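*Asks:* sequence and predicted structure below; questions after.
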Amino acid sequence: MTPNTHHAIALVNARLIDPESGYDGPGSVIIAEGVIADVIFSDVPPSGSADYKVIDCDGNLVCPGLIDLRVKTGEPGHEQKETLKSASLAAAAGGVTSIVVQPDTHPVIDEPAMVDFILRRARDIELVHVYPAGAATKGCDGKTMAEIGLMNEAGALYFTDVDQPIINTKVFGRVLSYAGGFGALVAHRPKEPWLSDGAVATSGEMASRMGLSGVSALAERIALERDLAMVELTGARLLVDQISTAASVETLKRTKAKGLEVYASVSINHLVFNEFDIGDYRTFYRLDPPLRAESDRVALVDAVEDGVIDVIVSNHCPAPAEDKRLPFSQATPGAIGLQTLLAALIGLHFDREIPLIDLLRAVTINPANILGLDAGRLKKGAPADIILVDVDAPFALREKDILSKSKNSPFENRTLQGKVLKTLVDGRIVYTTE
Amino acid sequence: MTDFTDQIRERLLPFPKRHFIASQDLDPPDIMALLDLADLFVDMNRRSTKKLDLLKGRTQVNLFFENSTRTQSSFELAGKRLGADTVNMSAKTSSVAKGETLIDTAVTLNAMKPDLLVVRHSASGAAELLSQKVGCCVINAGDGQHQHPTQALLDMLSIRRAFGHVDGLTVAICGDVGHSRVARSNVILLNAMGANVRLVGPATLIPGDADQWGCEVYHDMREGIAGANVVMMLRLQLERMDGAFIPSTREYFRFFGLDREKLQVAAKNVRVMHPGPMNRGVEIDSEVADDLSISLIQDQVEMGVAARMAVLASLAARLEAEGK
């Protein structure tokens, strides 16, 4: 890392995409003192002979760094899977400049000292921004409320029990109201616990032929309907943590039409893959929620384009070989995704002809606004979290290129498109291709 | 004492209702009359001889199904100072412990012909139910999460004596409003007296529709007590908490405990109240609770006896007027 915070940088001759202003066109960005000093939304080069280092972008894409609000590492407690440092390196290489780490670590991030621990470690690592989410209940036990107020004050960005749904509706309602009183955001997985129990795939022709126990895609909607009814009851804000089915999209649309403060995320995996990808029992496709039908995938992509789904996450879940080299049903669910999130989005843009700006919105300005961050935009005064990307460059992801400690990437050996050339965080270059 | 007795008889009016179950039993003129009367009892209670014979020959039964030291002794003293024969019955020693229903207890007690029945019960509506089954006057000394109207009356007395008036004051009631009968009784009396009432507490401890009680609701304590003349703290019912309503007492104290720092945003002449018993270091910092220049907590206890004397005397006057 070069301590070049004080040197002004000018990124000139770029294609700028700024989802906040809706701009996609030629321009330049001037960076000084770690923030965006100026943005020129035209092909006129910056005037004057100011003392800055000029980087000619050669027409490549310059946009806000990605904000990934659902990342797991193994720190603290399971550092063999992933550390905050290895996750930060993968993020920087993938053009992700802010990550929100999940609280289901060992110990669980359920009190202010743990929030402080994560923030302090991130400051020492000094790569990308690392923010913790706090547990909604103590030890993610679903029973007793965690110290949401104190963690909120300490810097936790939202509150979640991660993959554990809060089964007790009364507790869930109280968590929503209590957090709402502090203006804090709660995220919750719509996972129907009894139907999902023991399931490793989506029920249907594919799962039954493969002999895998499945859960109906409707199980997610059942849980979602409860969660959204509780939002209506309490008037609190909720981030629906990953929807994965067409039925959930319909439910979500209906609730959003009522004007409730509900946001939803989807994992990149559910936008790119479907249940056929589990065909050869490859455990890197064993995910939670499980991969769905092609019709679900298409409905999710449409929902991102329509803005019904607000946020795309990598749902980065590192699982080392000992957790994955197992029969499909015994393997730990999850896939890494920090390093491939952007390339997968660019692939989606080319395959589906979705404007890139609509996809980038779900990984920049939307998560920034939901979390109250001033990053995620090309705006004077905003933190200089910026990436330079060659959207046309193809590459194949090899295991040796994976920076995460765990290598469970479903994109391994696939050809991807869109290479990150430079990643800047607070004006510092934290990643660059030579 | 004769001069006192005359003054008291002059101000004594029959109670507007047969029973005192809830704050809404009183209209603003009734409240003023009771407070004026109570003022006289305060003076009397400060003398060395504190005995009158207004309730001579009357029997007062204090029926407490819930443990209470402060309220029960306050009612007992009030009755004794007015000359009544007072009997204390607690649920532990009564036949309730043997499985008697509330109505059977009421019928049994009624047969003993008491004149005044002071009742506390853990169930909302218990005082109302008793009042329908007995011939005497029933005074609600706290029923579940419903009301505790004499507490509200003594709070009015404390506030009026501190400020000279209640109308126009901003009163912030803070803490566990949801479980508090004190809060419910106070909101009604304060509104009747023309105060601006605010409710302050975490969203889990304030009923969702409390904004329809004629109050403003705040979930941020500094905003809620900004400019307040009176900050009325409520007891956090720790036995009901266990992580369900609030995560921990340290978090509660941090955001909703009253300390000097938070109190700085209140009005300069702010007074702090608490119905007791206090959880020091949970809802209130000792430094504030014990500062006699701002704390009315000791006064509240003193006013309690006088306010209850006013209620008992007025109810007896009503019995007398009815020829009973």
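*Replies:* Great, that's in hand. Numbers count the residues shown, from 1 in each chain, chains lettered A, B, ... in the order given.

*Asks:* for the residue in chain A positioned nearest to chain B, give its distance to residue B:246.
*Replies:* Across chain A, the shortest distance to chain B (CB to the nearest CB) belongs to residue A:144, at 2.9 Å. Any C-beta I mention is one placed from the backbone N, CA and C, and that applies to glycine too. For residue A:144, the distance to residue B:246 equals 10 Å [CB to CB, to the nearest Å].

*Asks:* which one's more surrounded, these two?
*Replies:* Remark: of residue A:144 and residue B:246, residue B:246 carries more neighbours, 26 against 16, as counted by other CB atoms under 10 Å in any protein chain shown.

*Asks:* nearest residue to the more buried one in space, please, no chain neighbours.
*Replies:* residue B:252 (4.9 Å; CB to CB, 6 or more residues apart in numbering or on different chains).

*Asks:* so the one you found touches residue B:279, yeah?
*Replies:* No - using CB atoms under 8 Å, residue B:252 makes no contact with residue B:279, being 9.3 Å away.

*Asks:* tell me which of those two has more neighbours.
*Replies:* residue B:252 (25 against 18).

*Asks:* overlap in contacts of residue B:252 and residue B:279?
*Replies:* Overlap of the contact sets of residue B:252 and residue B:279 (by CB atoms under 8 Å, 6 or more residues apart in numbering or on different chains) consists of residue B:236.

*Asks:* contact partners for the most centrally placed residue in chain B?
*Replies:* Centroid-nearest residue in chain B: residue B:151, 0.8 Å away (criterion: CA atoms, centre = their mean). By CB under 8 Å, 6+ apart, residue B:151 lies in contact with B:71, B:142, B:181, B:182, B:185, B:186, B:275, B:304.

*Asks:* host element of it?
*Replies:* Using DSSP states H and E, residue B:151 sits in helix B:149-163.

*Asks:* could you list the buried residues of that helix?
*Replies:* Within helix B:149-163, the residues that qualify as buried are B:149-162, counting by 16 or more other CB atoms under 10 Å in any protein chain shown.

*Asks:* check stretch A:136-143 too.
*Replies:* A:136, A:137, A:138, A:139, A:140, A:141, A:142.

*Asks:* what are the contacting residues of it?
*Replies:* Contacts for stretch A:136-143 (CB under 8 Å, 6+ apart): A:103-104, A:108, A:110, A:144-146, A:148, A:159-162, A:164-168, A:171, A:175, A:179, A:186, A:188, B:243, B:247.

*Asks:* now swap in stretch A:167-183 and tell me
*Replies:* A:136-137, A:142-145, A:148-149, A:152, A:159, A:166, A:185-186, A:188, A:193, A:226-227, A:230-231, A:233-238, B:202-204, B:208, B:219-220, B:244-247, B:255.

*Asks:* go on, stretch A:29-49?
*Replies:* Taking CB under 8 Å, 6+ apart as the rule, stretch A:29-49 contacts A:5-6, A:8-14, A:16, A:18, A:21, A:23, A:25-28, A:50, A:52, A:62, A:378-384, A:386, A:424, A:426-428.

*Asks:* now, of these, which are buried?
*Replies:* Using 16+ other CB under 10 Å as the burial test, the contacts of stretch A:29-49 include A:8-14, A:16, A:18, A:23, A:26-28, A:52, A:62, A:378-379, A:382-384, A:386, A:424, A:426-428 as buried.

*Asks:* sitting in strands, which of these do you find?
*Replies:* Within the buried ones among the contacts of stretch A:29-49, residues falling in strands by DSSP state E are A:8-14, A:16, A:18, A:23, A:26-28, A:52, A:62, A:386, A:424, A:428.

*Asks:* I'd like the next helix or strand past whichever helix or strand residue B:10 is part of.
*Replies:* Residue B:10 belongs to helix B:2-11 when assigned by DSSP H and E. Next in sequence after helix B:2-11, counting helices and strands by DSSP H and E, comes helix B:28-45.

*Asks:* mind checking the SS state of residue B:211?
*Replies:* Here residue B:211 is recorded as helix under DSSP: H, G, I helix; E, B strand; the rest coil.

*Asks:* the closest residue to it other than its chain neighbours: which element?
*Replies:* Leaving aside its sequence neighbours, residue B:211 sits nearest to residue B:217 (CB to CB, 6+ apart; 4.9 Å). Residue B:217 belongs to strand B:216-218 when assigned by DSSP H and E.

*Asks:* can you list the strands that that strand pairs with?
*Replies:* strand B:196-200 (parallel) (DSSP bridges).

*Asks:* contacts for the strand it pairs with, please.
*Replies:* For strand B:196-200, the external contacting residues (CB under 8 Å, 6+ apart) are B:168-175, B:177, B:183, B:186-187, B:190-191, B:206, B:210, B:213-221, B:224-225, B:228, B:256.

*Asks:* before we move on, back to that, just the contacts of stretch A:136-143: which are in helices?
*Replies:* A:148, A:171, A:175, A:179 (DSSP state H).

*Asks:* can you add neighbour count and give those back as JSON lines?
*Replies:* Shown next, in JSON lines, are these (neighbours: other CB atoms under 10 Å in any protein chain shown):
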{"residue": "A:148", "neighbour count": "28"}
{"residue": "A:171", "neighbour count": "19"}
{"residue": "A:175", "neighbour count": "29"}
{"residue": "A:179", "neighbour count": "28"}
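
*Asks:* and what about the closest residue in space to residue B:275 that isn't next to it in sequence, helix, strand or coil?
*Replies:* Counting by CB to CB, 6+ apart, residue B:275 lies nearest to residue B:182, which is 4.8 Å off, once chain neighbours are set aside. Three-state call for residue B:182 (three-state DSSP): helix.

*Asks:* residue B:182 reaches residue B:273, doesn't it?
*Replies:* No - under the criterion of CB under 8 Å, residue B:182 makes no contact with residue B:273, lying 9.9 Å away.

*Asks:* who has more neighbours, the two?
*Replies:* Set residue B:182 next to residue B:273 and count neighbours by other CB under 10 Å: residue B:182 wins out with 26 against 23.

*Asks:* now do the helix or strand where residue B:223 lies: which elements does it pack against?
*Replies:* For residue B:223, the host element (DSSP H and E) is helix B:221-225. The helices and strands touching helix B:221-225, judged by 3 or more CB pairs under 8 Å, 6 or more residues apart in numbering or on different chains; DSSP states H and E, are strand B:170-174, strand B:196-200, helix B:260-263.

*Asks:* phi first, then psi, for residue B:69.
*Replies:* Per-residue torsions, residue B:69: phi -100, psi -50 (degrees, to the nearest 10).

*Asks:* where does it land on pLDDT?
*Replies:* Listed pLDDT for residue B:69 reads 87.

*Asks:* near chain B, which residues of the stretch 51-200 of chain A?
*Replies:* A:138, A:143-150, A:153, A:170-171, A:174, A:177-178, A:180-182 (CB under 8 Å from any CB of the partner chain).
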